[in-house]
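1. Give me a 3D structure for the following:
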Amino acid sequence: MGPFISDHHYKDQDFTKERLSRATFENCVFEGCSFSHALLDNQEFMECTFLECDLSNANITNTTFKEVVFEQCKMMGLRFETCNPFLMDFTFVGCVLEYSTFYAMDIKGILFDNCRLSNVDFSAAQLNGATFRACNLENAIFNDTELAKADFSTAYNYVIHPGKNHLKGALFAREGLPGLLAHLHLKYI
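-> Here you go, the predicted model:
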């Protein structure tokens, strides 16, 4: 791994043409930066914040995200399951994560707050205790997903088959019940 960089603020930088230096970043802020289709593989981010950044389709293979906050970021097409799972911990606030995947990841207790999670694949993921606060889950895929005690009380547009997922103690609003019964093809009046 490269050098250790701490307490640095990167603002409005374009890393799509010139790669971000390979390093360990601690307590750094990336604000308004573009990482679209960039190489972020084998990087380490600890206690960092990404604010209003575009990380769409970035290569995050073997990247470490420890206590990282993504806020108001565009993050379409990311394959989070390719990240380094050791000490992985991230939070998403106001982000667009459409067409991203969390396949078979252990991300218990994760917070998605006011995010667009359309067409996101959560198959076989461990999401026990996760919170989907005011999230749009249109066409999100839940298949053999651990969702015990997950909070969907303010989430919307989800379809989750109770027979194909583990939902013990999960929290849903009454308005969301059609998303749990969709597989029955019922008609509502």
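2. Okay, now the unreliable bits of the protein?
-> 1, 178, 181-189 (pLDDT under 70).
3. could you pull out the helices for it?
-> Chain-ordered helices for the chain, with DSSP state H as the definition, fall at 177-181.
4. Would you mind splitting it into its domains for me?
-> Taking automatic domain parsing as the reference, the chain has its domains at 1-94, 101-189.
5. chain center to the longest one: distance?
-> When you say that, I think you mean domain 1-94. Going by C-alpha atoms, centre = their mean, to the nearest Å, the spacing between the C-alpha centre of domain 1-94 and its chain's C-alpha centre is 13 Å.
6. what's the nearest residue to residue 24 once chain neighbours are set aside in contact with, if anything?
-> For residue 24, the nearest residue in space outside its immediate sequence neighbours is residue 44; the separation is 4.1 Å by C-beta to C-beta, 6 or more residues apart in numbering. For glycine as for every other residue, the C-beta is placed from the backbone atoms N, C-alpha and C. Residues touching residue 44, when contacts are defined by C-beta atoms under 8 Å, 6 or more residues apart in numbering, comprise 1, 23, 24, 25, 63, 64, 66.
7. The third one: how many residues sit nearby?
-> It refers to residue 24. Using other C-beta atoms under 10 Å, residue 24 is surrounded by 16 other residues.
8. my guess is it meets residue 47, correct?
-> No. Checked against C-beta atoms under 8 Å, the pair residue 24 and residue 47 is beyond contact range at 11.2 Å.
9. So which other helices or strands are in contact with the longest strand along the chain?
-> The strand of greatest length in the chain, counted in residues with DSSP state E as the criterion, is given as strand 64-71. Contact partners of strand 64-71 among helices and strands, from 3 or more C-beta pairs under 8 Å, 6 or more residues apart in numbering; DSSP states H and E: strand 44-46, strand 49-51, strand 89-93.
10. could you dump those to JSON lines with distance to residue 38?
-> Written out in JSON lines, the entries for those read as follows (distance: least, C-beta to C-beta, whole Å):
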{"stretch": "strand 44-46", "distance to residue 38": "14"}
{"stretch": "strand 49-51", "distance to residue 38": "12"}
{"stretch": "strand 89-93", "distance to residue 38": "18"}
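11. right, and those strands - which one's nearest residue 34?
-> Of all the helices and strands packed on strand 64-71, the one in closest proximity to residue 34, counting by C-beta to C-beta, is strand 49-51 (11.3 Å).
12. so what strands line up beside that closest one?
-> For strand 49-51, the paired strands and their directions (DSSP bridges) read strand 29-31 (parallel), strand 64-71 (parallel).
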